[in-house]
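Student: here is my input; please provide its structure:
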Amino acid sequence: MYTVTLLTSPKAPCLEPSLLGALQTAWGGGDARWLAQGEAAEFEVGQIPANQWDVWADVQKLGVDLVVQPTDGRKKKMLLADMDSTMIEQECIDELAEEAGVGAYVKDITARAMNGELDFDGALTERVALLKGLDETVIAKVLAERISLMSGGPALLATMKANGAYAALVSGGFTAFTAAIAAKLGFDENRANTLLAEGGQLTGAVKLPILGREAKVQALHEITAKLGLTAADVLAVGDGANDLGMLTLAGSGVALHAKPSVAAECNIRINHGDLTALLYVQGYARDDFAGA
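Tutor: Modelled structure (predicted):
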């Protein structure tokens with residue numbers, strides 16, 4: 001059996017019962033279950049509908065995300081999450097670059113690298129070099145003044161952990177940021193690149209080797225082996241090209257507000273929902289959320 005999940009933005013819920021009913025009828029679905037009234041609902045079908053992606057494109061125009069996945073095993077035992085533009089709303093290196101006066105230039109490189117147009121390692125090296133001489137205290141300033149959590153993140157972490165899941169934050173960004181975000185949200189561990197500093201100033205380099213796409217795949221293998229899990233037990237979420245390895249390997253790979261080239265490779269694409277969408281696609285109702 002397969003579960004069809006429809007969901008919308010929690011800030012502007014617009015899931016109409018008529019749309020849900022029409023899709024149930026068209027696809028021969030079972031009884032609908034509302035996960036959050038007006039926001040998320042699901043029903044089962046016997047097979048993946050042949051016109052899934054045509055319907056997906058149609059409901060996207062209505063502000064609705066559509067996910068079809070096997071019912072068995074969709075509730076995962078591990079969360080593997082990217083940080084920048086996934087668990088937080090910003091790209092940390094772009095915010096540091098703003099402080100260094102090279103924001104626009106770096107932002108363009110970041111966008112191209114995340115869309116897979118540039119080599120990740122080379123793009124990171126070039127951008128970090130532009131931070132040379134920046135006072136190390138700027139990191140704390142950026143964290144305090146420029147970084148905000150992605151909507152739904154606290155509920156996602158609290159609920160999955162309350163249900164026994166392990167959570168790892170894996171970023172192509174920097175440990176100075178992942179450590180703070182991991183602690184704030186309750187991740188069990190975090191991995192990222194380390195910005196090098198001397199005499200209280202950034203040197204314009206990172207500790208080698210650079211954590212890129214393959215490092216995220218390696219993290220998935222290492223952590224699941226440590227926990228006695230398999231890739232099928234993992235829910236991975238990210239938005240950039242360097243996330244594709246872990247997204248395609250995980251049992252559920254979620255492209256969250258992702259670059260087009262990334263979304264095209266993933267079966268679970270969330271463009272309207274926030275991070276609570278990752279709970280809905282696992283079958284959690286809003287009443288099941290930790291702290292609800």
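Student: which residues touch Thr110?
Tutor: Residues counted as contacts of Thr110 (Cβ atoms under 8 Å, 6 or more residues apart in numbering) are 91, 93-94, 123, 127. Yep, even glycine has a C-beta here, placed from its N, CA and C like the rest.
Student: tell me where the stretch 101-250 of the chain has helices.
Tutor: Under the criterion DSSP state H, counting those that start in this stretch, helices of the stretch 101-250 of the chain are mapped to 103-114, 120-129, 138-145, 153-162, 175-185, 213-227, 244-249.
Student: give me the next element, helix or strand, following the last one.
Tutor: The reference is to helix 244-249. strand 252-256 (DSSP states H and E).
Student: which helices and strands sit right next to that following strand?
Tutor: strand 234-238, helix 244-249, strand 268-270, helix 277-280 (3 or more Cβ pairs under 8 Å, 6 or more residues apart in numbering; DSSP states H and E).
Student: just put these in TSV and tack on distance to Leu211, mean pLDDT and mean neighbour count.
Tutor: Listed next are the helices and strands packed on strand 252-256 as TSV, based on distance: least, Cβ to Cβ, whole Å; pLDDT from 0 to 100; neighbours: other Cβ atoms under 10 Å:
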stretch	distance to Leu211	mean pLDDT	mean neighbour count
strand 234-238	13	98	29
helix 244-249	12	97	22
strand 268-270	24	98	24
helix 277-280	23	98	26
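Student: quick one: low-confidence ranges for the stretch 151-292 of the chain?
Tutor: For the stretch 151-292 of the chain, applying pLDDT under 70 flags the ranges 292.
Student: so which of the helices of the stretch 101-250 of the chain gets nearest Pro10?
Tutor: With respect to Pro10, and counting by Cβ to Cβ, the nearest of the helices of the stretch 101-250 of the chain is helix 153-162 at 9.6 Å.
Student: for the closest one, list every residue counted as buried.
Tutor: Along helix 153-162, these residues count as buried under the neighbour rule (16 or more other Cβ atoms under 10 Å): 153-161.
Student: who's in contact with that helix?
Tutor: In contact with helix 153-162 (Cβ under 8 Å, 6+ apart) are residues 76, 79, 87, 167, 185-187, 235, 275-276, 278-279, 284, 288-292.
Student: coming back round to it: of the contacts of Thr110, buried ones?
Tutor: Neighbour-count burial (16+ other Cβ under 10 Å) is assigned, among the contacts of Thr110, to 91, 93-94, 123, 127.
Student: tell me the one of the residues you listed nearest Ala250?
Tutor: Within those, distances to Ala250 taken as Cβ to Cβ reach their minimum at Glu91, with 22.4 Å.
Student: quick one: the closest one from Gln60, how far?
Tutor: In this structure, Glu91 and Gln60 are 24 Å apart, going by Cβ to Cβ, to the nearest Å.
Student: ok, Arg127 next?
Tutor: As judged by Cβ to Cβ, Arg127 and Gln60 stand 32 Å apart.
Student: and Leu196, by the same measure?
Tutor: 43 Å.
Student: next one: Arg33
Tutor: 22 Å.
Student: do the same with Glu89
Tutor: Distance, Glu89 to Gln60, by Cβ to Cβ: 21 Å.
Student: ok, now Leu229?
Tutor: When Cβ to Cβ is applied, the distance between Leu229 and Gln60 equals 33 Å.
Student: which of the two has more residues huddled nearby?
Tutor: Here Leu229 and Gln60 are set side by side on neighbour count (other Cβ atoms under 10 Å), and the busier one is Leu229, at 18 against 14.
Student: dump the residue contacts of the more buried one.
Tutor: Taking Cβ under 8 Å, 6+ apart as the definition of contact, the neighbours of Leu229 are 77-78, 166, 223.
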